[in-house]
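A.B. asks: How does the following fold in three dimensions:
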Amino acid sequence: MSNPLVQAFFVGRAVAEVINERLEVAFTDALSEIGKFDAEAREQLRQFTDEVIERANRASAAADAGQTTTGSGRQTGAADSVDLQATIDELRAEIALLRNELQRYRSSSV
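C.D. replies: Alright, predicted model coming up:
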């Protein structure tokens, strides 16, 4: 290779080949990463959907059984306090009725 023009041609050609190969590897790696990301995203979406359906089924079964549940399976605090307060009010009303009936019974038996 005594001619510098021929040497420049071959150097340029080698540079183009190396760049082309590296771009090909980088493009293939990028497509591979995109494929992995897509597969992982689909798997996460499938797991999310399964979990949502499972929780919905549990909530439906709990509603059929007359229970109010959250995602963790415990009764909700707000519903508990409302239900508890309603239960307390009902018990107080029953106690008042029983006291009334007791007073009537005592007054009629004397």
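A.B. asks: Check which helix or strand the residue positioned nearest the centre of the chain maps to.
C.D. replies: Nearest to the geometric centre of the chain sits residue 48, at 5.7 Å (C-alpha atoms, centre = their mean). For residue 48, the element it lies in under DSSP states H and E is helix 4-65.
A.B. asks: Could you do residue 97 as well?
C.D. replies: Using DSSP H and E, residue 97 sits in helix 77-109.
A.B. asks: Could you list the buried residues of that helix?
C.D. replies: Buried residues in helix 77-109, counting neighbours by 16 or more other C-beta atoms under 10 Å, are absent. Just so you know, the C-beta spots here come from the backbone N, C-alpha and C atoms, and that holds for glycine as well.
A.B. asks: chain center to that helix: distance?
C.D. replies: Taking C-alpha atoms, centre = their mean, to the nearest Å, one finds helix 77-109 lying 43 Å from the centre of the chain it belongs to.
A.B. asks: Much appreciated, bye for now.
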